[in-house]
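A.B. asks: Make a model of this:
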Amino acid sequence: MMGEGVKIIAVNRRARHDYAVEESLECGIELEGTEVKSFRDGKISFPDAWAEIEGGQVWVRSLRVAENPFSSIFNHDPDRKKRLLLHRDEIKKLRRKVEERGYTLVPLSFYFKKSRVKVELGLCKGKKLYDKRADIRDRDMKRDMEREFRHR
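C.D. replies: Next comes the predicted model:
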């Protein structure tokens, strides 16, 4: 998905730990002018952000975009919900999966692509505690094996 002319702004590493990502898709995000400046400076935070489908639109919630100190009274609300730009059939497909099978929509990363802010939206299922432990165990074993190969 990431190619030429892509500058990563932020990655949600915790999402891959807490959720099993079934599928991901790229979508645009509707921003106000001062929000774009904050994205350029990397002043965003989304540790527990999620997306919902409401009225045929997809909205990102609890994505905090810091206010720009240089934009006086025209500043944006840092906690407002932001609309994601997707095709109608993509939204229908996501709605079916979220309603039927209990999936969650989670923003996995934010990046610039040809000077436009894009969101990698993941269709995720929550992991149980034992799944997380298994992932940690697998990662540790892989790290140990690589260490052994380097020493030989």
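
A.B. asks: pLDDT of the lengthiest helix in the chain, averaged?
C.D. replies: In the chain, with assignment by DSSP state H, the single longest helix is helix 129-151. In this model, helix 129-151 has an average pLDDT of 85.

A.B. asks: same for it, what does it pack against?
C.D. replies: helix 13-18 (3 or more Cβ pairs under 8 Å, 6 or more residues apart in numbering; DSSP states H and E). No exception for glycine: its C-beta is placed from N, CA and C like everyone else's.

A.B. asks: Tell me the gap between the helix it packs on and the middle of its chain.
C.D. replies: Helix 13-18 has its C-alpha centroid displaced from the chain centroid by 10 Å (Cα atoms, centre = their mean, to the nearest Å).

A.B. asks: Do you know the pLDDT at the residue nearest in space to the middle of the chain?
C.D. replies: Centroid-nearest residue in the chain, with Cα atoms, centre = their mean: residue 107, separated by 1.9 Å. You'll see residue 107 listed with a pLDDT of 92.

A.B. asks: can you map out the helices along this structure?
C.D. replies: Assigned by DSSP H, the helices in the chain fall at 13-18, 33-40, 88-101, 129-151.

A.B. asks: Out of the ones you listed, flag the one nearest residue 6.
C.D. replies: Closest of those to residue 6 is helix 33-40, at 13.9 Å (criterion: Cβ to Cβ).

A.B. asks: List the buried residues of that closest one.
C.D. replies: Within helix 33-40, the residues that count as buried by 16 or more other Cβ atoms under 10 Å are 34, 35, 36, 37, 38, 39.

A.B. asks: so who does the third one touch?
C.D. replies: It refers to residue 36. Applying Cβ atoms under 8 Å, 6 or more residues apart in numbering to residue 36 gives the contacts residue 117.

A.B. asks: quick one: it from residue 79, how far?
C.D. replies: According to Cβ to Cβ, to the nearest Å, residue 36 and residue 79 sit 17 Å apart.

A.B. asks: and what of residue 146?
C.D. replies: 42 Å.
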